[in-house]
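Participant: Any chance you could fold what I've pasted below:
(2 chains)
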2 protein chains.
Amino acid sequence: MYPKTLTKLIEEFKKLPGVGNKTAERYALFVLDLSTESVESFSNQLKSTKQSIKHCKSCGNYTEEDLCDICRDPKREQSIICVVSNPKDILAIEKTGQYTGLYHVLGGLISPINGVMPEDLTIEELIERTKKDVTEVVLALNPTMEGETTSYYIAKKLQDIVEVSVLAQGLPMGGHLEYVDEMTLTRSLKNRKKFDY
Amino acid sequence: MYPKTLTKLIEEFKKLPGVGNKTAERYALFVLDLSTESVESFSNQLKSTKQSIKHCKSCGNYTEEDLCDICRDPKREQSIICVVSNPKDILAIEKTGQYTGLYHVLGGLISPINGVMPEDLTIEELIERTKKDVTEVVLALNPTMEGETTSYYIAKKLQDIVEVSVLAQGLPMGGHLEYVDEMTLTRSLKNRKKFDY
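Facilitator: Below you'll find the predicted structure:
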């Protein structure tokens, strides 16, 4: 019913998270009404963002350089590392403005059921980093089964090397860090406590 | 806070209808997790769909050729023309499977307040088309102030040339044709009545 190429564009929009048939149709038809320049700018931006965004060689955050803005900033506290599962969580924590240390992106959470084992995450790299003048590691993982398992695993590994703290409970159970509101996240950061072995 | 190119991509997604900051961020971060091939396919499809979709020379519908699928289909009734404001409305009507005639896309609705006058629409082209063996014109415009003004204007123009009918009331007032459910639209098509001068 649609011209073939329009159907293909609808299929592309349907790949976006939370986008069903109706919304994808709406986006695709909207694109047809845009100027050719606008569509080209959108199209080029997609490609160039994907090409230029890499992972920071030190912490794993998104960056356009070898090291991310945070790792390159000499004003950040170098002695404290906040551990998150993915770069989106860094963005959420930065928005609170409450944290001035460095980060470490694990690249996921331990989840044997999904085939993610400790060695699939950057835990060894984290241990290496904590050996260099680091005084505190803050575990800021999702308050889910996987997050807590991973926190426990890492806390055990770091027990004799460095002080380990976790975000205060107050995060809603089963929630995902990247969608938590800033106030809750701020409070969790302020009330972070020693890891309870 | 975001790398610059990521911010630019978020801005692009925010142009889509109904997409705010949070959703645009979600889409952009999702794109970063896609494979390079997937992003290129999305990017290319945007450009190529925009390039290849044109307006049918006869009715104004979306098409990849000079004439759209409907105008080229000899099985469609050539003696009845359904007038819609834009091509999206054709898709909505086609989904009902109740209409077998041709279409005519006005390219908008008369709206002096927005500077859209009758001469900005394809009303003259419609009048020309109705002079060639057309027995009925069905007005299928949004049941809004603009839609009804436009219907009245066109009906007056066609009064002495051809029989004019309108979709049955039953469409919710203030609604937009492209979002109406198929059952309501089906009933409106079946119960279409002569224009009430």
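Participant: going forward, measure contacts between C-alpha atoms and count neighbours the same way
Facilitator: OK.
Participant: Between helix B:36-52 and the longest helix along chain A, find me the angle.
Facilitator: Counting residues, the longest helix in chain A under DSSP state H turns out to be helix A:36-52. Using axes from the mean of the first three to the mean of the last three C-alpha atoms, to 10 degrees, the inter-axis angle of helix A:36-52 relative to helix B:36-52 is 170 degrees.
Participant: List the buried residues in helix A:36-52.
Facilitator: Of the residues in helix A:36-52, A:39, A:40, A:42, A:43, A:44, A:45, A:46, A:47, A:48, A:49, A:50 count as buried by neighbour count, 16 or more other C-alpha atoms under 10 Å in any protein chain shown.
Participant: For the closest residue to the fifth one other than its chain neighbours, give me the pLDDT.
Facilitator: It stands for residue A:44. Nearest residue to residue A:44, sequence neighbours excluded (C-alpha to C-alpha, 6 or more residues apart in numbering or on different chains): residue B:43, at 6.8 Å. pLDDT for residue B:43: 94.
Participant: Next: the one 4 residues further on.
Facilitator: For residue B:47, the pLDDT comes out at 93.
Participant: which is the next helix or strand following the longest helix of chain A?
Facilitator: Sequence order places strand A:54-55 as the next helix or strand after helix A:36-52, per DSSP states H and E.
Participant: domain ranges for chain A?
Facilitator: Residue ranges for each domain of chain A read A:4-52, A:59-194, as given by automatic domain parsing.
Participant: and those, which one's lowest on average pLDDT?
Facilitator: Confidence, taken as mean pLDDT, is least for domain A:59-194 of these (a mean of 88).
Participant: That one and chain B, are they touching?
Facilitator: Yes: legend: contact between domain A:59-194 and chain B by C-alpha under 8 Å from any C-alpha of the partner chain is shown at A:62, A:63, A:64, A:88, A:91, A:94.
Participant: The third one: what's it in contact with?
Facilitator: Read it as residue A:64. Contact analysis of residue A:64 by C-alpha atoms under 8 Å, 6 or more residues apart in numbering or on different chains lists A:52, A:53, A:54, B:3.
Participant: So how do I select the buried members of those in PyMOL?
Facilitator: Buried subset of the contacts of residue A:64, written as a PyMOL selection, criterion 16+ other C-alpha under 10 Å:
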select buried, (chain A and resi 53+54) or (chain B and resi 3)
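Participant: so which of the contacts of residue A:64 comes closest to residue A:150?
Facilitator: Distance ranking of the contacts of residue A:64 against residue A:150, using C-alpha to C-alpha, places residue A:54 first at 24.7 Å.
Participant: Could you report the separation of that closest one from residue B:75?
Facilitator: According to C-alpha to C-alpha, to the nearest Å, residue A:54 stands 55 Å off from residue B:75.
Participant: now swap in residue A:75 and tell me
Facilitator: Distance of residue A:75 to residue B:75, given as C-alpha to C-alpha: 73 Å.
Participant: same deal with residue A:66?
Facilitator: For residue A:66, the distance to residue B:75 - C-alpha to C-alpha - is 62 Å.
Participant: Check chain A for the residue nearest chain B and tell me.
Facilitator: Ranked by C-alpha to the nearest C-alpha, the top residue of chain A for proximity to chain B is residue A:43, at 4.5 Å.
Participant: In contact with that residue, which residues?
Facilitator: Taking C-alpha under 8 Å, 6+ apart, one finds B:42, B:43, B:44, B:46, B:47 in contact with residue A:43.
Participant: and what of residue A:163?
Facilitator: Residues in contact with residue A:163 (C-alpha under 8 Å, 6+ apart) are A:135, A:136, A:137, A:194.
Participant: Enumerate the beta-bridge partners assigned to it.
Facilitator: On the basis of DSSP bridges, residue A:163 is bridged to residue A:136.
Participant: What is the burial count for the closest residue to residue A:154 other than its chain neighbours?
Facilitator: Leaving aside its chain neighbours, residue A:154 sits nearest to residue A:123 (7.3 Å; criterion: C-alpha to C-alpha, 6+ apart). Per other C-alpha atoms under 10 Å in any protein chain shown, the neighbour tally for residue A:123 reads 20.
Participant: if we can go back for a sec, redo the contacts of residue A:163 as JSON lines? Include distance to residue A:14 and neighbour count.
Facilitator: Shown next, in JSON lines, are the contacts of residue A:163 (distance: C-alpha to C-alpha, whole Å; neighbours: other C-alpha atoms under 10 Å in any protein chain shown):
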{"residue": "A:135", "distance to residue A:14": "46", "neighbour count": "15"}
{"residue": "A:136", "distance to residue A:14": "43", "neighbour count": "18"}
{"residue": "A:137", "distance to residue A:14": "39", "neighbour count": "27"}
{"residue": "A:194", "distance to residue A:14": "44", "neighbour count": "17"}
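Participant: Between these, which sits nearest residue B:98?
Facilitator: The closest of those to residue B:98 turns out to be residue A:137 (C-alpha to C-alpha; 66.0 Å).
Participant: Tell me which of the contacts of residue A:64 has the lowest pLDDT.
Facilitator: The lowest pLDDT within the contacts of residue A:64 belongs to residue B:3, with 84.
Participant: Isn't that residue up against residue A:63?
Facilitator: Yes: with contact taken as C-alpha atoms under 8 Å, residue B:3 and residue A:63 are classed as touching, separated by 6.0 Å.
Participant: Name the residues contacting each of those two.
Facilitator: Counting by C-alpha under 8 Å, 6+ apart, the shared contacts of residue B:3 and residue A:63 are residue A:53.
Participant: Could you single out the nearest of the contacts of residue A:43 to chain A?
Facilitator: For those, the nearest to chain A is residue B:43 (4.5 Å; C-alpha to the nearest C-alpha).
Participant: ok, the residue nearest to residue A:167 when sequence neighbours are not counted - contacts?
Facilitator: Distance criterion C-alpha to C-alpha, 6+ apart; nearest residue to residue A:167, sequence neighbours excluded, is residue A:192 at 4.4 Å. By C-alpha under 8 Å, 6+ apart, residue A:192 lies in contact with A:138, A:165, A:166, A:167, A:168.
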